[in-house]
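# Provided below for reference: sequence and predicted model.
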Amino acid sequence: MGKRSAALEGHDLVREAARILCEEQLTDYRLAKQKASRRLGLSVHTAMPSNADIQAAVLEYQQLFGGAPYTRHLQRLRRTALQAMDMLAPFAPRMVGAAATGAAHPGHRLQLHCFTDAPEDLDIFCMERGIDFDTGERRYRFADGRTRDIPMLSFQAGDVGVDVAIFSELGRRQVPLSPTDGQPVKRLDRDHVQALLAATSDDDESSPPPRRVA
């Protein structure tokens, strides 16, 4: 296959993977690329595009086709982030993930990073406020080549799912790598999130508070 044909094939694969992610509300880029390759009838030996290319295509797709529903959903994620960050202020929360990059769709949950040397403190903090939550772990990769399982707490704030990864205080400086581009993830503080919200206008109602234990 010529270089031009390969380039066109790669471009089609990127666009199809982005469309699948948005329309089927997937969050797994690898799965979306595999599905796109099969639908386009490409060879199993076809080189897969980078996650960074896919993310850029998702942003382009949403800007072209997402319209008001996309804007409202992104605003809802970011507004919920502000509310959650205010509540979790003692743990220096930062917003990460799709809500930070804008490459979001309704399948995405809000992702936050918090910091404490005693993860159980955040559990107690939520229990004292009557918030119904689940606990688990999420694996992150770091610049030193190691991977670590980081404690995670999850809850619902209205129709927005919130995942809070709980890093140690040292974790403020040891930033995990993004699975999209391999660079340190962008951790946005409250002022940055507020600026993102102010950059666009939206009349959508505020998100409800986290779900409380009955």
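Received it, and whenever you're ready, just let me know what you need.
# off-centre distance for the longest strand seen in the chain?
Under DSSP state E, the strand in the chain containing the largest number of residues is strand 147-157. Averaged C-alpha coordinates place strand 147-157 at 13 Å from its chain's average position (C-alpha atoms, centre = their mean, to the nearest Å).
# list the buried ones in it?
Counting neighbours by 16 or more other C-beta atoms under 10 Å, one finds that the buried residues in strand 147-157 are I150, P151, M152, L153, F155, Q156, A157. (Each C-beta comes from the backbone N, C-alpha and C, glycine too.)
# who touches it?
Strand 147-157 has contacts (C-beta atoms under 8 Å, 6 or more residues apart in numbering) with 80, 83-84, 109-110, 119, 122-123, 126, 131-142, 161-167, 171, 176, 207-211.
# need the buried ones from those residues selected in PyMOL.
To isolate the buried ones among the contacts of strand 147-157 in PyMOL, judged by 16+ other C-beta under 10 Å, type:
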select buried, resi 80+83+84+109+110+119+122+123+126+131+133+140+161+162+163+164+165+166+167+171+176+207+210
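# just the contacts of strand 147-157: which are in strands?
110, 133-141, 161-167.
# picking that back up, of the buried residues of strand 147-157, closest to M95?
Closest approach to M95 among the buried residues of strand 147-157 (C-beta to C-beta): A157, at 13.2 Å.
# quick check: what element follows the helix or strand of the chain with the lowest mean pLDDT along the chain?
Across the helices and strands of the chain, mean confidence by mean pLDDT, DSSP states H and E is lowest for helix 3-23: a mean of 81. Per DSSP states H and E, the first helix or strand lying C-terminal to helix 3-23 is helix 29-39.
# quick one: that following helix to chain centroid distance?
The answer for helix 29-39 is 19 Å, by C-alpha atoms, centre = their mean.
# what does that helix contact?
Contacts for helix 29-39 (C-beta under 8 Å, 6+ apart): 13, 16-21, 24, 26, 44, 46, 48-49, 51, 54-55, 179-180.
# what subset of these is buried?
The neighbour-count test (16+ other C-beta under 10 Å) marks 13, 16-21, 26, 48-49, 51, 54-55, 180 as buried among the contacts of helix 29-39.
# so D117 belongs to a strand, correct?
No. Assessed with DSSP: H, G, I helix; E, B strand; the rest coil, D117 is coil; it does not lie in a strand.
# what's near enough to touch it?
Counting by C-beta under 8 Å, 6+ apart, the residues that D117 touches are S168, E169.
# give me the number of residues near A100?
When neighbours are defined as other C-beta atoms under 10 Å, A100 has 22 of them.
# one more: A99?
Applying other C-beta under 10 Å, we find 27 residues neighbouring A99.
# could you tell me how far whatever helix or strand it lives in lies from the centre of the chain?
Element membership for A99 (DSSP H and E) is helix 98-101. Chain-centre distance of helix 98-101: 5 Å, with C-alpha atoms, centre = their mean.
# what is it packed up against?
helix 67-87, strand 110-115 (3 or more C-beta pairs under 8 Å, 6 or more residues apart in numbering; DSSP states H and E).
# run the chain-centre distance for the shortest one.
Put plainly, it is strand 110-115. 10 Å.
# could you check the angle strand 160-167 makes with that strand?
Put simply, strand 110-115 runs at 30 degrees to strand 160-167, going by axes from the mean of the first three to the mean of the last three C-alpha atoms, to 10 degrees.
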